[in-house]
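return atomic coordinates for the entry below.
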Amino acid sequence: RPWLWLGSLGALLLKQILPLLWSQYSLLWRDGLPPADLGAPLYGGTSSVIKQGLVDYFNELRKRHMPFIAVSHFMFFQPVIVISHEIWQRKVTKLENEGLTVPCFSKKVTNLLGKNSLICMAAGKGHLHHARLRMKCQRALAPKVVLSNIDVFRAMFRKEFETIAKSTEGTDGFVRFVPIAHRIAFNVSATSIIGDGNERECDEMRKHFGTYCRGMATPRAWDLGRHSVYGRALIARAEIAQLIAELLAKPSVERTALGELKISSADCGGLTEDEIVDSVLTLLFAGQLATTHSMTQLLVDLASRPAEVAKVRAEANRTPESILEDSATLRLVVESMRRQPPAHPLTRICKSQDIHLNNSIKIPKGFRYAPMLQDDFDGDIDTTRKDFDNREFLRDACERPFGGNHPHSCVGRHSVLLMLQTFARELYGHYDVEVVEAVPQPKAGHPAWKGDLPLRLRRRT
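Numbering: from 1, shown residues only. Below you'll find the predicted structure:
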């Protein structure tokens, strides 16, 4: 009978919907929580995040609740407490460094990144497995090691820029820069890890990497082999793992970051093949997220700031002695990242105790929270700020967009910082850049540009 089917369907929907509504609206009367900003029923802020992008939406939340400490929110069908960067640093990072918090990731993401992924594992005091993996990755991507690749990075950029210039020379045509930025970001990250001279393996990895990343973004973790997005991502992961295994067998990788992960040292043993695969995939994925948007944002920021372009051009032939060496280009890079942090805040939980943010506000134990990576999104780019003359301020400004001095901060940040400085100097040192249209158009909450950011290059005489 139709009414029986309708009744069963209604009961099923209520069984799914009522718990979600309860988890959303119970935030209004739970004691000790920050002020609630719940958004639309069921969806909360999900639609706004997808439309505006996570960074801009969090900034909007912050401005709606000034002076901002924290806000109880609901998005992607889960309650979460969003906390300011300053409060996170003062009240929460100590617990994180003591190993009392754990990241929150879906089984889908954990399976794709691997059980040995640095960003999926619990970290801090007492978590020796994470500490060992992180130490090896930090040594593999140490500042001096990364800096030794600067000529390789320059050659990559020159090749890409010359191709763009030739394709737009003498015409009114343009190129879509975002796909180029994706390719550059992957090649730089991969070369930092596997070294120069492995172009075939790098190209093969990149072909599979797009499929792998699409599996991260899909909302459904259905493993139907080649017949589902997630299944194809798992296949792509296996293909990349096989390429990494082939590289590990090459004698030439001994002098690369990949080789450093493999070998033992006096105080730390070499990683197993599974640990290396998971670590390399994590570094590639984090590098792609951090680098692609930072590169396009830096391009857009410079398009409307001719005075900053002149400063970058004055340093076009500069070879820094260290990646964090003070310069107009480095200041510009960190100012651009201050307004649009390249890393997104990851949710975490503390299972053992409440986290008290002040005398009246707390994060209950077992409750998800997401720290902001900046508190100053709105100030205009200013590379002449007196604060930059303070060496400690500059170092903090370089580390903050990547999570600061924290067990889950990005270990590949030196590679990203060197890449962005080299990108700006090579591009503006040799070319005039015309950005045809720069209209932000986020996709599924991730930064994106209308028309993939069309531009033209003209070689400078």
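
what helix or strand is the nearest residue to Ser228 once chain neighbours are set aside on?
Distances taken as CB to CB, 6 or more residues apart in numbering place Trp222 nearest to Ser228, at 4.7 Å, with adjacent residues excluded. Heads up, the C-betas are built off the backbone N, CA and C, glycines and all. For Trp222, there is no host helix or strand (DSSP states H and E).

check contacts around Trp222.
Applying CB atoms under 8 Å, 6 or more residues apart in numbering, we find Trp222 in contact with 228, 230-231.

pLDDT added to those, as a markdown table?
Formatted as a markdown table, the contacts of Trp222 follow (pLDDT from 0 to 100):
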| residue | pLDDT |
| --- | --- |
| Ser228 | 92 |
| Tyr230 | 92 |
| Gly231 | 93 |
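
can you pull out the low-pLDDT segments for this structure?
Scanning the chain for pLDDT under 70 picks out 1-9, 12-13, 170-171, 343-345.

please repeat the previous calculation with a cut-off of 80.
Counting by pLDDT under 80, the chain has low-confidence residues at 1-16, 169-172, 220, 265-268, 342-346, 405, 444-445, 461.

all strands of it, in order?
Ranges of strands in the chain, per DSSP state E, are 36-37, 70-75, 78-83, 101-103, 175-176, 348-350, 355-356, 362-363, 369-371, 431-435, 454-459.

and the third one with strand 70-75, angle?
Taking axes from the mean of the first three to the mean of the last three CA atoms, to 10 degrees, one finds that strand 78-83 is oriented at 150 degrees with respect to strand 70-75.

who's in contact with strand 78-83?
The contact list for strand 78-83, computed with CB under 8 Å, 6+ apart, reads 23-24, 27, 33-34, 58, 61, 69-74, 92, 347, 357, 363, 367-372.

try it again with 6 Å
The contact list for strand 78-83, computed with CB atoms under 6 Å, 6 or more residues apart in numbering, reads 23, 27, 34, 61, 70-73, 347, 363, 368-371.

quick check: chain neighbours aside, which residue is closest to Pro179?
That would be Asp452: by CB to CB, 6+ apart, it lies 6.3 Å from Pro179.

so the one you found makes contact with Ile180?
No: applying CB atoms under 6 Å, one finds Asp452 not in contact with Ile180, separated by 8.9 Å.

more crowded one of the two?
Neighbour totals were compared for Asp452 and Ile180, and Ile180 leads with 20 against 17 (other CB atoms under 10 Å).

so what's the more buried one up against?
Residues counted as contacts of Ile180 (CB under 6 Å, 6+ apart): none.

and it, how far from Met156?
According to CB to CB, to the nearest Å, Ile180 and Met156 sit 11 Å apart.

what's the answer for Ile355, then?
Using CB to CB, Ile355 is found at 44 Å from Met156.

quick one, which of these two is more surrounded?
More crowded of Ile355 and Met156, by other CB under 10 Å: Ile355, with 24 against 21.

now do the contacts for that one.
Ile355 is in contact with 92, 363, counting by CB under 6 Å, 6+ apart.

the stretch 251-400 of the chain: helices as residue ranges?
In the stretch 251-400 of the chain, the helices defined using DSSP state H, counting those that start in this stretch lie at 257-262, 273-303, 306-314, 328-339, 391-399.

check the offset of the third one from the chain's centre.
So that's helix 306-314. Relative to the chain's own centre, helix 306-314 is displaced by 27 Å; criterion: CA atoms, centre = their mean, to the nearest Å.

other SSEs contacting that helix?
Identification of packing neighbours for helix 306-314 by 3 or more CB pairs under 6 Å, 6 or more residues apart in numbering; DSSP states H and E yields helix 328-339, helix 413-430.

let's have those in CSV, adding mean neighbour count.
Compiled in CSV, the helices and strands packed on helix 306-314 are given as follows (neighbours: other CB atoms under 10 Å):
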stretch, mean neighbour count
helix 328-339, 22
helix 413-430, 24
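
Met205: which of those is closest?
helix 413-430 (16.1 Å; CB to CB).

circling back to that earlier point, dump the helices of the stretch 251-400 of the chain to TSV, plus distance to Asp172.
Converted to TSV, the helices of the stretch 251-400 of the chain look like this (distance: least, CB to CB, whole Å):
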stretch	distance to Asp172
helix 257-262	43
helix 273-303	18
helix 306-314	23
helix 328-339	29
helix 391-399	40
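
Leu20: what's it in contact with?
With CB under 6 Å, 6+ apart, Leu20 has these contacts: 42, 77.

should've said Ala438
Neighbours of Ala438 in contact, by CB under 6 Å, 6+ apart: Val300.

one more pass at 10 Å, please.
Going by CB atoms under 10 Å, 6 or more residues apart in numbering, Ala438 touches 296-297, 299-301, 303-304, 449-451, 453-455.

now swap in Val280 and tell me
Going by CB under 10 Å, 6+ apart, Val280 touches 114, 137, 140, 189-190, 193-194, 205, 240-241, 243-244, 247-248, 257-258, 261, 271.

hmm, back to that, residues that sit against both of Asp452 and Ile180, list them.
Thr296.

still on that earlier bit, figure out which of the strands of the chain is closest to Asp396.
Closest among those, using CB to CB: strand 369-371, at 15.5 Å.

give the buried residues for the closest one.
Residues of strand 369-371 classed as buried: 369-371 (neighbour count, 16 or more other CB atoms under 10 Å).

that one packs against which elements?
Judged by 3 or more CB pairs under 10 Å, 6 or more residues apart in numbering; DSSP states H and E, strand 369-371 is in contact with strand 70-75, strand 78-83, helix 85-87, strand 348-350.

looking at these, which is buried most?
Comparing those on average neighbours per residue, with mean count of other CB atoms under 10 Å, the densest one is strand 70-75 at a mean of 24.

who are the packing partners of that strand?
Packing partners of strand 70-75 (3+ CB pairs under 10 Å, 6+ apart): helix 2-25, strand 36-37, helix 46-52, helix 54-64, strand 78-83, strand 362-363, strand 369-371.

could I get these as JSON lines with distance to Cys410?
Listed next are the helices and strands packed on strand 70-75 as JSON lines, based on distance: least, CB to CB, whole Å:
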{"stretch": "helix 2-25", "distance to Cys410": "31"}
{"stretch": "strand 36-37", "distance to Cys410": "29"}
{"stretch": "helix 46-52", "distance to Cys410": "22"}
{"stretch": "helix 54-64", "distance to Cys410": "16"}
{"stretch": "strand 78-83", "distance to Cys410": "20"}
{"stretch": "strand 362-363", "distance to Cys410": "24"}
{"stretch": "strand 369-371", "distance to Cys410": "14"}
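
ok, which of those comes nearest Thr319?
Per CB to CB, nearest to Thr319 of the helices and strands packed on strand 70-75: helix 54-64, 32.4 Å.

what does that closest one rub up against?
Residues outside helix 54-64 that contact it (CB under 10 Å, 6+ apart) are 35, 37, 39, 45-46, 48-53, 68-69, 71, 73, 75, 82, 84-85, 293, 339-342, 344-345, 370, 372-378, 440, 442, 445-447.

please list only the buried members of these.
By 16+ other CB under 10 Å, the contacts of helix 54-64 give 37, 39, 45-46, 48-50, 52-53, 68-69, 71, 73, 75, 82, 84-85, 293, 339-342, 344-345, 370, 372-375, 377, 440, 442, 445, 447 as buried.
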